[in-house]
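Participant: sequence-free structure coming up:
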């Protein structure tokens, strides 16, 4: 199943969002066609419908969009695969039209989340100036460019795209925030293992004391570390729980393959969301010797010999 | 440490939010003074500063506010205790000034999250009408009352408070959403056990394969079910992970007390966030006989006898 | 590797022991040649040297021979395979030459273990008669037949073989004892799975707290019950432990094969001692659906699909 | 419950056994009265009846007596406590009356186990000389002293006691064997913790896959290593298993006390057989900080504070 690289991309729009910036960091400038989507579900639907080859959507910590929308959007519906993760520092600028002086600013506009994350710093820079909501940080930048408002809290890419200039940079009250985005495609050839990979899953278990413990045990006995776990509410099925989790390693590795096979046996449901290079700047736990592919191969060969009576 | 019931309450404002509605469902109408807070951190700060006795803030699934803000706000800073949880169905109405007919509506306004959750239904009711952002659903209702816009997507309580009437009720595209709020106080007497309780914790572990497994094992060996778990990123400390979790039971129970004591021994850090009556409408797993207080008391008495040589 | 059935058998001798009786219950009367061995090591050596095809030796609870000798004899040296287990009730008779009346008996002779297990009953039947040691119950019977002594405590087969008649039957003080014997061969085709099988292993682990726990976990996660476990001392290697254990199931089953492969990866050493039909009269725990061969095959197929990107 | 030191001792007899030698290594020469018992059950019965204060019986690897007899004798009947363990090298001598030359020896006599363990060496020293059974190694020495036989394989203490002299020393085929004896008393004050202790238990569990795993987990989660485990057959109760086990640590330690309390809650039955100084010459695993008494005390204090609302 050879797969040509994606050439048509959707991202959580509008233009000028952090998602567009993240896509820019993941795909070379001249590569492919990029189109904004109105929402995470819309972006995922475009992939499923074949209108685009891949979509870049926020998974965690986003200030623009909805993490649950991504998690639920991947967990339900036709299967999709994460082929890449992208981490983008959340860097807000306070942007205005060229020539605007701070004392000229009568209002500042942005998505409510962005306003919340920059409230103190903006109040220091623009004391007494009212803050107004916009539907996205990019929409705020465009509204300023259009002359509807005087200043916007937005991503640097949005300021640039709409011809604004920064009145102040790095205006987040708590610097260092990072958003994790994922690039999602229809099922196809998986990214090759790199030695520094992650695998994402949604696991559904019938509730009993220790059900989650049993799930984690399947990773631990095979020397696999988890990097994220989150219980997801299941509204409709009493005593059934769903977990969204990421672990280290690639399904092509024996340890990960066997762990997933075990979950497939013991869980109500397991959905594989992909194996892809880790991009969070952290180093994976070294694979213990006893969990390396060579150890699995040796062990399998040994059992094969046993079964043939050659002990 | 007797504690008088709280009489001054903060809630995530402004007036007319779901948080105010949740507070209304938790505290009798004539009871106490209530004041909106501009943000979750502001609400928690008001409790810590002693300006109010308790704050009602969203914990999960909110459409109004930020769950991470609550989790991080409880995990850091001076200790606070959850004394109650409140679940509120997320019920949106499409509200307008009395006398407004659907065909009169030229724009609809709300918080972007609320617009996203009602987009399809609103588009059916008001085809072609543009949707505009507001900083909260309550602010949207007020803007309609003030004549700035024609219709708002908001909570029923906001429509009522601002004298609006519903053009349509239950306009969520996916009905059944519920928000979980928690009532938070300064440390003091815990709510008495009811037999249907939850305990909330933040647990920090040094990373190694199986660290989380070891945490969960302390619950499982004592017959305690988890109802929620979420890994929380720790930006600064490499290989250190933080987990926010809720389990069944009350710290006054022997099984829960011993499990917490075990975590205190084996984890980097454990923060206790409270034991309080469960209000999610679910029934707790029956406490196994061997994990009941009587079994712990018998066992302790037996060991005391052993130590005295009376076997 | 087709294997002809064994036709030359050794058993823990001398003639007339319980081991010979056990062999008789395992192999049809006219089948094969049988020869006593002087000791368990001698019996195992005869198999290893190819002098016989199989040896029947006691494994547990024997009154005739040494269990450690069997366990250590199988754990060390060239590999051997258990192909069968045989349980034999330990039934002692008090035997004398024909015509002997109880009041004629001036001494009673047997192996010290047999004397110990029948002391009270024999004292009731033959008050005041001295008990003398013999090197085996069979040797005791022969000595009575030779006229050296008047009565022997021995197996019914020994009485019969040496022409003695019972003065009393079932003279064990605690009836119900059973000895477990195993039939041991050189490596070759394993007995076919029957659905009621056992697998025997020797597992060596480097000591740390929880090392044994990790071993047992590999069985538990795959729904396999243990039927016996015994720590074996290792004199020479500090902090290294050895365990002799039997579990339910056959290595041909996927669950057992995968568990053994896991032990092969994580343990210092694993020696496979065979998979063979269980004969203890107990019913195996039903194989859980998620541990059945079909579940393993489904899971493997699923992972294979995942790896090919067909999710 | 102050307890005077034992002054009357039973040991597995007759005089001259390894058990008497072990008692001699445990109790100072002039201390107390010592009497042989005919069997392990007899020795234990003498303690239970108050005829002696303590009994020294073999527990493991004995060449003289029956380990199952000790294990079962401690597991059933009125409770007894192990207050000490004694390890004795199994050192056989080939002994004869003074003046006997090797070429004079026409027969050699001993307990069958001792004959088995020295067969090769004795055959080298006394080629062609027949080996005859005795009821104990001590009885063999006495028979040689009485002139009934010419040479005995026995403990050095037996040779000395019966006035024999060694024809050869250290005649075991595999040198290095050690027997573990235990000194058993009626319940009373436990030996004080020394920092290098063992605790012995008999644990009964209802069978299910993983039942033993759950037992071991209670030790592992509290940083306690096992030093011995053995499944014991239960003849009468289907699906019920019994385990005899030793762990490191003393019941006076918090970690051990809590582990035992946990077993008391979750197991069918737990019998405490004592906490006593370890004497096997091995060093215990260091107690992890999180399992030290101080950590348990801190944790308990913390939970007490939580319950009072002082977080």
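Facilitator: Thanks, I have the structure now. All values derive from a computational prediction rather than experimental measurement.
Participant: where do the helices of chain A begin and end?
Facilitator: Residue ranges of the helices in chain A, as given by DSSP state H, are A:18-26, A:40-48, A:67-75, A:112-125, A:137-145, A:156-161, A:211-220, A:254-266, A:293-307.
Participant: now do the buried residues in the longest one.
Facilitator: Using 16 or more other CB atoms under 10 Å in any protein chain shown as the burial criterion, the residues of helix A:293-307 that qualify are A:295-296, A:299-300, A:302-303, A:306-307. Any C-beta I mention is one placed from the backbone N, CA and C, and that applies to glycine too.
Participant: shaky segments in chain A?
Facilitator: Low-confidence segments of chain A, defined by pLDDT under 70: A:1-3, A:61-67, A:207-209, A:233-239.
Participant: domain parsing for it?
Facilitator: Listed by automatic domain parsing, the domain ranges of chain A are A:1-90+A:172-188, A:93-155, A:190-311.
Participant: for the helices of chain A, give me JSON lines that also has distance to residue B:275.
Facilitator: Formatted as JSON lines, the entries for the helices of chain A read as follows, by distance: least, CB to CB, whole Å:
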{"stretch": "helix A:18-26", "distance to residue B:275": "39"}
{"stretch": "helix A:40-48", "distance to residue B:275": "36"}
{"stretch": "helix A:67-75", "distance to residue B:275": "27"}
{"stretch": "helix A:112-125", "distance to residue B:275": "31"}
{"stretch": "helix A:137-145", "distance to residue B:275": "40"}
{"stretch": "helix A:156-161", "distance to residue B:275": "46"}
{"stretch": "helix A:211-220", "distance to residue B:275": "21"}
{"stretch": "helix A:254-266", "distance to residue B:275": "32"}
{"stretch": "helix A:293-307", "distance to residue B:275": "45"}
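Participant: closest to residue B:220 out of the ones you listed?
Facilitator: Among the helices of chain A, the nearest to residue B:220 by CB to CB is helix A:211-220 (4.7 Å).
Participant: list the buried residues in the closest one.
Facilitator: Buried residues in helix A:211-220, defined by neighbour count with 16+ other CB under 10 Å: A:211-220.
Participant: what does stretch A:200-213 give?
Facilitator: In stretch A:200-213, counting by 16+ other CB under 10 Å, buried: A:200-205, A:207, A:209-213.
Participant: one more: stretch A:121-137?
Facilitator: So stretch A:121-137, judged by 16+ other CB under 10 Å, has buried residues A:121-122, A:125-126, A:129, A:131-137.
Participant: now it, how far from the centre of its chain.
Facilitator: Averaged C-alpha coordinates place stretch A:121-137 at 28 Å from its chain's average position (CA atoms, centre = their mean, to the nearest Å).
Participant: do that stretch and chain B meet?
Facilitator: Yes: between stretch A:121-137 and chain B, judged by CB under 8 Å from any CB of the partner chain, the touching residues are A:131-136.
Participant: quick check, nearest of those residues to chain D?
Facilitator: residue A:131 (35.6 Å; CB to the nearest CB).
Participant: before we move on, back to that, possible to save the buried residues of helix A:211-220 as a markdown table with distance to chain C?
Facilitator: Output for those, formatted as a markdown table (distance: CB to the nearest CB, whole Å):
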| residue | distance to chain C |
| --- | --- |
| A:211 | 13 |
| A:212 | 14 |
| A:213 | 11 |
| A:214 | 7 |
| A:215 | 11 |
| A:216 | 11 |
| A:217 | 6 |
| A:218 | 6 |
| A:219 | 11 |
| A:220 | 9 |
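Participant: as JSON lines, the domains of chain A with distance to chain D would be great.
Facilitator: Converted to JSON lines, the domains of chain A look like this (distance: least, CB to the nearest CB, whole Å):
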{"stretch": "domain A:1-90+A:172-188", "distance to chain D": "25"}
{"stretch": "domain A:93-155", "distance to chain D": "28"}
{"stretch": "domain A:190-311", "distance to chain D": "10"}
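Participant: rebuild those domains as JSON lines, extending it with distance to residue D:142.
Facilitator: Compiled in JSON lines, the domains of chain A are given as follows (distance: least, CB to CB, whole Å):
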{"stretch": "domain A:1-90+A:172-188", "distance to residue D:142": "82"}
{"stretch": "domain A:93-155", "distance to residue D:142": "94"}
{"stretch": "domain A:190-311", "distance to residue D:142": "48"}
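Participant: figure out which of those is closest to residue B:245.
Facilitator: Comparison of the domains of chain A against residue B:245 by CB to CB identifies domain A:190-311 as nearest, at 8.5 Å.
Participant: run the chain-centre distance for that closest one.
Facilitator: Here the centre of mass of C-alpha atoms in domain A:190-311, compared against the chain's by CA atoms, centre = their mean, lies 20 Å away.
Participant: gap between residue A:148 and residue B:296?
Facilitator: With distances taken as CB to CB, to the nearest Å, residue A:148 is found 66 Å from residue B:296.
Participant: within range of chain B, give me the residues from the stretch 101-250 of chain A.
Facilitator: Close to chain B, as judged by CB under 8 Å from any CB, the stretch 101-250 of chain A has residues A:111-113, A:115-116, A:119, A:131-136, A:139, A:176, A:178, A:207-210, A:212-213, A:216-217, A:219-220, A:223-231, A:233, A:235, A:238, A:243.
Participant: same thing but at 6 Å, please
Facilitator: Residues of the stretch 101-250 of chain A lying close to chain B (CB under 6 Å from any CB of the partner chain) are A:112, A:133-135, A:176, A:209-210, A:213, A:216, A:220, A:223, A:225, A:228-231, A:235.
Participant: now, the residues you listed that are in strands?
Facilitator: Residues of those located in strands (DSSP state E): A:133, A:228-231.
Participant: farthest pair in the residues you listed?
Facilitator: The distance between the two most remote of these (CB to CB) is 33.4 Å, for A:133 and A:229.
Participant: grab the nearest non-local neighbour of residue A:134.
Facilitator: Leaving out its chain neighbours, the residue that sits closest to residue A:134 by CB to CB, 6 or more residues apart in numbering or on different chains is residue A:140, at 3.8 Å.
Participant: list the contacts for that neighbour?
Facilitator: If you count contacts by CB atoms under 6 Å, 6 or more residues apart in numbering or on different chains, residue A:140 has them with A:109-110, A:134, A:152, A:154.
Participant: let's go with 8 Å and repeat that
Facilitator: A:109-111, A:114, A:134, A:149, A:152-154, A:158 (CB atoms under 8 Å, 6 or more residues apart in numbering or on different chains).
Participant: quick check, nearest of those residues to chain B?
Facilitator: Where these are concerned, and distances follow CB to the nearest CB, chain B has its nearest neighbour in residue A:134, at 5.5 Å.
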